[in-house]
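Peer 1: A predicted structure for the sequence below; I have some questions about it.
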There are 2 protein chains.
Amino acid sequence: MAFILTFLGKGGVGKTTLAIAAAKQFATQNKRVLLATQDNSPAFGITLGQVVGHTPQNIAANLDTVQFHSATLLEKGWEEVKQLEAQYVRTPFFKNVYGQELGLLPGMESALVMNEIRRYDKQYDVIVFDSLGNQETLRMIGMPEVISWYVRRFRQVFVDSDLGKTVAPFLPPIGAAVLNVNWTADNFAQPTQEINTLLNQGKQILADPNRSAAYLVTTDDPAAIATAQYLWGSAQQVGLTVGGVLSNQANISDGFAPLSISTIPRKSGDDWEAMINALPDFTQATTAPKPIVIDTSNRQVSLFLPSFNKQQVKLTQYGPEVTIEAGDQRRNIFLPPELNGRPVSGAKFQDSHLIISFQ
Amino acid sequence: MAFILTFLGKGGVGKTTLAIAAAKQFATQNKRVLLATQDNSPAFGITLGQVVGHTPQNIAANLDTVQFHSATLLEKGWEEVKQLEAQYVRTPFFKNVYGQELGLLPGMESALVMNEIRRYDKQYDVIVFDSLGNQETLRMIGMPEVISWYVRRFRQVFVDSDLGKTVAPFLPPIGAAVLNVNWTADNFAQPTQEINTLLNQGKQILADPNRSAAYLVTTDDPAAIATAQYLWGSAQQVGLTVGGVLSNQANISDGFAPLSISTIPRKSGDDWEAMINALPDFTQATTAPKPIVIDTSNRQVSLFLPSFNKQQVKLTQYGPEVTIEAGDQRRNIFLPPELNGRPVSGAKFQDSHLIISFQ
């Protein structure tokens, strides 16, 4: 079970360099480290000082690196889809489509990379993930929760709909003829049980700052600071704990309370020592504010939403769940049974927290 | 019909600043310009010097700006899906799901932004699109071609499959009961006709350097140069013409032949003049090498693939079409009738071009 660490910030602030430094630091602490990059250009190898391949290779004691290659991951993923299909469907029809011919669409890379990180979770103590470090990265990390919402929402809509009721009688004969499963509208989500397990694993890793955390990186450029603050708030919206701030070659003292700010010196040539020594203890992300705290006894949910003001945070209840919009992300709060179904009795925005009370 | 211009390069090289300068330049040339950004943080407004909204607003003569907000676009898009559904399906079941509760998944933003740019195509002469400027942007731009491939490939697979044949008898009664259309396996793609038209429009815009082009941006940082070169090659894989190179506060003379390189001076405070004057004539992208040239009389297809070497380019024919893999993108070549179905008789890699001959 690995601790997954990533960095968020504007392009060019030094996220990749700091990811490399963090990986080197963990490796010297005798942790088995995988340094994985989503950057497919040769730029990562130039910054690291050596060429990196599409499968993990050892580059120093305890330190492996890999450059994720989506086209390769898509081939691998497609083989798994075909195997699953062969297992569940009597006459599979994907078998004549080859992984090698599939093109990549937006979003596919995120899903493939998430799945690949999960694969390495057991082999390493730490996975330092050199991500894009932007909103798209947060959407990737938020995928398990958002997909879970789509599954439960649309399953219910389908079951309740006239279409669902009309199609239902036709499903068992098709199921009997074509599929090995006994398929009715009500167990619509049945073949996705395996997927649900994966989604739950993803949500558990995200909810635990011992298992995953992000750190912000910024320089003293006002646009870089604004981006870091924005990503800080946006990270909370997907449930990702932000452990602290790395101020790269700059002295920044405010704008990020209550996070601690580490000032990082410029790397001198190939000497990583000074930079590594300036890094914080990344496992201290456990002391940072939690994105969400659910207090069933007081019937309150508290969401940490730094960098947004009251006007930028919207609380709605159009569907069956409570929806929070802030920045460019929405979160549907999956409530525990004690609060589920209760109407919202009030909400206030206080000290960067949205506190929602239920009747 | 607008000319759509975007910039590619490593984070932090100045893409946003140059996009703003380019928009200002076009506006002074009496073109109606939309400067649109995908960056949702306040950083864009800081660089521009004023706050930007989620709908276009005029900020200078001929110059409007907009900051795309995916959550808003998703709401708008969802309303359209519901209207389409109401039109084609007798008992729509999406009607009880609200645009305001939908969460954002990876890739959605790309699809929404593409669609939004299309909306503005008729209102402006130039759309300067401040994109992420990376591989994900190229996947977004390549979407119409890749989706078209998925549609034609999977439609055929479905029609040919045992599943297609088994399901076919059940489809007309369901179609008659639930849908307003007469649905058989063979017109599987029928309800997507509207989508096909959109995809074809997208492909036409991309294929014409009078309608769309990208310029590379780099500094003298070796990682930035390597990224620009990599994105140059990758852009060809999605069929996007790269018109030239902007060398930001740096003197770069080689590595990008035959493209022209413009040296861009540092912007002094709020004075954009010197930067704007140093910009190239962006409409000259028409003189840059074309991503693909199909010569039916000589039965040859020539693909321009700069920055890749022979070993990095793979040509395969697993499926019914010829697939090219280079960098982290695959392209399935849709051949004209004269070449369609002919086997490949040879291929050579020469002067950054992959030349494929057909029997």
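Peer 2: Received the coordinates, thanks. Residues are numbered from 1 along each chain as shown, chains lettered A, B, ... in the order given.

Peer 1: does A:Pro258 touch A:Pro306 like I think?
Peer 2: No: here A:Pro258 does not reach A:Pro306: they are 9.1 Å apart, not a contact under CB atoms under 8 Å. All C-beta spots, glycine's among them, are computed from the backbone N, C-alpha and C.

Peer 1: looking at the two, which one has more neighbours?
Peer 2: When A:Pro258 and A:Pro306 are compared for neighbours, A:Pro306 comes out ahead with 20 against 10, by other CB atoms under 10 Å in any protein chain shown.

Peer 1: so for A:Arg90, what's the pLDDT?
Peer 2: pLDDT, A:Arg90: 63.

Peer 1: check which helices and strands the helix or strand encompassing A:Ala347 is in contact with.
Peer 2: Using DSSP states H and E, A:Ala347 sits within strand A:344-350. In terms of contacts (3 or more CB pairs under 8 Å, 6 or more residues apart in numbering or on different chains; DSSP states H and E), strand A:344-350 is packed against strand A:313-316, strand A:353-358.

Peer 1: quick one: contacts for the closest residue to chain B within the stretch 101-250 of chain A?
Peer 2: Distance from chain B to each residue of the stretch 101-250 of chain A (CB to the nearest CB) is smallest for A:Gly107, at 1.8 Å. Counting by CB atoms under 8 Å, 6 or more residues apart in numbering or on different chains, A:Gly107 touches B:105-108, B:110.

Peer 1: how many other residues sit next to the closest residue to A:Val97 other than its chain neighbours?
Peer 2: Counting by CB to CB, 6 or more residues apart in numbering or on different chains, A:Val97 lies nearest to B:Val157, which is 5.9 Å off, once chain neighbours are set aside. Here the count is done by other CB under 10 Å, and B:Val157 has 17 residues near it.

Peer 1: do the one 3 residues further on as well
Peer 2: Counted with other CB under 10 Å, the neighbours of B:Asp160 add up to 13.

Peer 1: for it, give its distance to A:Lys95.
Peer 2: B:Asp160 sits 11 Å away from A:Lys95, taking CB to CB, to the nearest Å as the criterion.

Peer 1: run through the bridge partners of the residue nearest to A:Tyr120 when sequence neighbours are not counted.
Peer 2: Leaving out its chain neighbours, the residue that sits closest to A:Tyr120 by CB to CB, 6+ apart is A:Leu34, at 5.5 Å. Residues in a beta bridge with A:Leu34, per DSSP bridges, are A:Asp64, A:Ile127.

Peer 1: surely A:Leu34 and A:Asp125 touch.
Peer 2: No: using CB under 8 Å, A:Leu34 is not in contact with A:Asp125; the gap is 9.2 Å.

Peer 1: need the residues touching each of the two.
Peer 2: In contact with both A:Leu34 and A:Asp125: A:Ala2, using CB under 8 Å, 6+ apart.

Peer 1: more neighbours: the two, which one.
Peer 2: Legend: neighbour count by other CB under 10 Å for A:Leu34 and A:Asp125, higher for A:Leu34 (24 against 16).

Peer 1: and that one, what pLDDT?
Peer 2: A:Leu34 is assigned a pLDDT of 98 by the prediction.

Peer 1: list the contacts for it?
Peer 2: Neighbour list for A:Leu34: A:2, A:56, A:64-66, A:120, A:123-124, A:126-128 [criterion: CB under 8 Å, 6+ apart].

Peer 1: pipe the residues you listed into JSON lines and attach neighbour count and distance to A:Ile355 per row.
Peer 2: Formatted as JSON lines, the contacts of A:Leu34 follow (neighbours: other CB atoms under 10 Å in any protein chain shown; distance: CB to CB, whole Å):
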{"residue": "A:Ala2", "neighbour count": "22", "distance to A:Ile355": "33"}
{"residue": "A:Pro56", "neighbour count": "17", "distance to A:Ile355": "44"}
{"residue": "A:Asp64", "neighbour count": "22", "distance to A:Ile355": "44"}
{"residue": "A:Thr65", "neighbour count": "25", "distance to A:Ile355": "43"}
{"residue": "A:Val66", "neighbour count": "18", "distance to A:Ile355": "42"}
{"residue": "A:Tyr120", "neighbour count": "16", "distance to A:Ile355": "38"}
{"residue": "A:Gln123", "neighbour count": "12", "distance to A:Ile355": "41"}
{"residue": "A:Tyr124", "neighbour count": "23", "distance to A:Ile355": "38"}
{"residue": "A:Val126", "neighbour count": "24", "distance to A:Ile355": "34"}
{"residue": "A:Ile127", "neighbour count": "25", "distance to A:Ile355": "34"}
{"residue": "A:Val128", "neighbour count": "29", "distance to A:Ile355": "34"}
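
Peer 1: where are the low-confidence patches of chain A?
Peer 2: Scanning chain A for pLDDT under 70 picks out the ranges A:88-92, A:161-195.

Peer 1: change it to 50
Peer 2: Applying pLDDT under 50 to chain A picks out residues A:170-191.

Peer 1: care to break it down by domain?
Peer 2: With automatic domain parsing as the criterion, the domains of chain A are listed as A:3-73+A:102-146+A:199-280, A:292-358.

Peer 1: what distance separates the start and the end of the first one?
Peer 2: With CA to CA, to the nearest Å applied, domain A:3-73+A:102-146+A:199-280 spans 15 Å between its terminal residues.

Peer 1: how far off centre is it?
Peer 2: 11 Å (CA atoms, centre = their mean, to the nearest Å).

Peer 1: what's the angle from the longest helix seen in chain A to helix B:135-160?
Peer 2: Ranked by number of residues, the top helix in chain A under DSSP state H is helix A:135-160. Angle of helix A:135-160 versus helix B:135-160, following axes from the mean of the first three to the mean of the last three CA atoms, to 10 degrees, is 30 degrees.

Peer 1: what residues of helix A:135-160 count as buried?
Peer 2: Neighbour-count burial for helix A:135-160 flags A:135-149, A:151-159 (criterion: 16 or more other CB atoms under 10 Å in any protein chain shown).

Peer 1: same check on stretch A:279-296?
Peer 2: The neighbour-count check on stretch A:279-296 (16+ other CB under 10 Å) flags A:279-280, A:282-283, A:285, A:288-289, A:291-292, A:294 as buried.

Peer 1: okay, the residues you listed in TSV with secondary structure next?
Peer 2: Shown next, in TSV, are those (DSSP: H, G, I helix; E, B strand; the rest coil):
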residue	secondary structure
A:Leu279	coil
A:Pro280	coil
A:Phe282	helix
A:Thr283	helix
A:Ala285	helix
A:Ala288	coil
A:Pro289	coil
A:Pro291	coil
A:Ile292	strand
A:Ile294	strand
